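*Asks:* sequence first, then the predicted structure:
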Amino acid sequence: MSRMVFCAKFQEELEGVDIPPMPGKKGEYIYNNISKKAWSEWQSKQTMLINEKRLNMMDPSARSYLAEQMDNFLNNKDTDIIEGYVPPEK
């Protein structure tokens, strides 16, 4: 049986991530409060932000920007819009 968490993003009980996706307190928070579904959606958005904004992940300011965007996304706050992106229709 998979591990369930109350997801901060979707505000419901969902399957949690298998392992903390990063070290430290942030990784523990994600492990305990973010679902696999929310983490997967963040990873897609993160990829789009890196590509659209041409972020150099060796640059500390780019990593800081991405961390801020991740916190906003996972906690249902406004994030930067990816220009030209049209979500698929359901």
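*Replies:* Cool, got the structure.

*Asks:* just the strands in the chain please.
*Replies:* Along the chain, counting by DSSP state E, strands occupy 4-7, 12-15.

*Asks:* any idea how far residue 8 is from the residue nearest the centre of the chain?
*Replies:* Centrality entry for the chain: nearest residue to the mean C-alpha point is residue 42, 3.1 Å, by CA atoms, centre = their mean. Distance, residue 42 to residue 8, using CB to CB, to the nearest Å: 12 Å. (Glycine included, C-beta is placed from N, CA and C.)

*Asks:* identify the contacts common to the two.
*Replies:* Common contact partners of residue 42 and residue 8 (CB atoms under 8 Å, 6 or more residues apart in numbering): residue 74.

*Asks:* my guess is the residue nearest to the centre of the chain meets residue 74, correct?
*Replies:* Yes - Residue 42 lies in contact with residue 74 (CB atoms under 8 Å); the separation is 6.2 Å.

*Asks:* for the residue nearest to the centre of the chain, give me the pLDDT.
*Replies:* Residue 42 is assigned 97 on the pLDDT scale.

*Asks:* got it, and residue 2?
*Replies:* 85.

*Asks:* ok, it - how many residues close by?
*Replies:* 9 (other CB atoms under 10 Å).

*Asks:* could you check how far it is from residue 10?
*Replies:* Distance of residue 2 to residue 10, computed by CB to CB: 16 Å.

*Asks:* can you check residue 21 too?
*Replies:* 17 Å.

*Asks:* where are the low-confidence patches of this structure?
*Replies:* 1 (pLDDT under 70).

*Asks:* grab the longest helix from it for me.
*Replies:* helix 36-52 (DSSP state H).

*Asks:* just how off-centre is that helix within its chain?
*Replies:* 6 Å (CA atoms, centre = their mean, to the nearest Å).

*Asks:* contacts for it?
*Replies:* Against helix 36-52 from outside (CB under 8 Å, 6+ apart): 7-10, 14-18, 21, 30, 55, 57, 66, 69-70, 73-74, 79-80, 82-83, 85.

*Asks:* PyMOL command for the buried members of those?
*Replies:* To isolate the buried ones among the contacts of helix 36-52 in PyMOL, judged by 16 or more other CB atoms under 10 Å, type:
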select buried, resi 7+8+9+14+16+17+30+55+66+69+70+73+74+79
